[in-house]
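Trainee: Show me how the following folds:
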Amino acid sequence: MTLPKSEQPQGCIFCIAAASSDRRETLTIHRSANAIVMLNRYPYTNGHLMVAPVAHQARLFESTDGALRALIRLTAEAQRILSDVYRPDGFNVGMNFGSAAGAGVADHYHMHVVPRWSGDTNFMSVTSRTRLVPEELEKTFDKLTPLFAQLPETFDA
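Mentor: The predicted model follows:
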C-alpha cells in the first residue's frame, strides 16, 4: 500500500527527490511517472546510481506492474549508460530490504547500480569508513544527466 504524500516520512531521500524540482540538489538524474534515478551521495565507485519507485513502499510486492516495469527498465538503461560513459568491467546490481538486510533506507526500496573495474577495492569502507572516489558528484551529475534526458519520460507502457 502506498502512503499518501502527507503521511510519507519527511526524511525519505527518495520521496524528497521525487517531489523536488531541484534535481541537482537531490542528485536526481532522471524521473519517470513511476521511478527515479539518483546518484548515491556516498558512492562506492564513480557512477554509483540508485533507482527507486516514486511511491513510498518498502517491498517489491507492494508495487504496481507499471512501477516494477519502470524500475527494471531504468536499471537496464542505467547499466547501458554507465557502460558507455565509464567502461566498467562489470556491475553490482542489487537491493536490500529492511535494516536487518543492510538497507540504509529501509522503508523505501531501491536498486543500487554500481560499476566495477578489475582490481578495484572497497576495503577502505570496511577498515576505516573511508571511500575513495576520484570524480566529484557534480561532475558525475553533469556527465550523466544529458544521457538520461534522452530517455522517454515514462516506461509504463
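Trainee: Give me the contacts around stretch 30-39.
Mentor: The contact list for stretch 30-39 (C-beta atoms under 8 Å, 6 or more residues apart in numbering) reads 13-14, 17-18, 23, 26-29, 48-55, 64, 66-67, 69-71, 74, 78, 137, 140-141, 144-145, 148-149, 151-156. (Glycine included, C-beta is placed from N, CA and C.)
Trainee: Separate out the buried members of those residues.
Mentor: 13-14, 17-18, 23, 26-29, 48-55, 66-67, 69-71, 74, 78, 137, 140-141, 144-145, 148, 151, 155-156 (16 or more other C-beta atoms under 10 Å).
Trainee: Tell me the predicted confidence for Val133.
Mentor: With respect to pLDDT, Val133 has a value of 62.
Trainee: quick one: terminal-to-terminal distance for stretch 32-44?
Mentor: Using C-alpha to C-alpha, to the nearest Å, the end-to-end distance of stretch 32-44 comes out at 25 Å.
Trainee: What does the residue at minimal distance from the centre of the chain show for phi and psi?
Mentor: For the chain, Met50 is the residue whose C-alpha lies nearest the centre (C-alpha atoms, centre = their mean; 1.0 Å). Dihedral angles of Met50 (phi, psi; degrees, to the nearest 10) stand at phi -130, psi 140.
Trainee: Does it touch Tyr109 like I think?
Mentor: No - applying C-beta atoms under 8 Å as the test, Met50 and Tyr109 come out as separate, 10.3 Å apart.
Trainee: Spit out the contact partners of the closest residue to Gly102 other than its chain neighbours.
Mentor: Excluding the flanking residues, the one nearest Gly102 by C-beta to C-beta, 6 or more residues apart in numbering is Asn96, at 4.3 Å. Contacts for Asn96 were tallied using C-beta under 8 Å, 6+ apart; they are 102-104.
Trainee: so which of the residues you listed comes closest to Arg59?
Mentor: Each of the contacts of Asn96 was scored against Arg59 by C-beta to C-beta, and Ala103 proved nearest at 10.9 Å.
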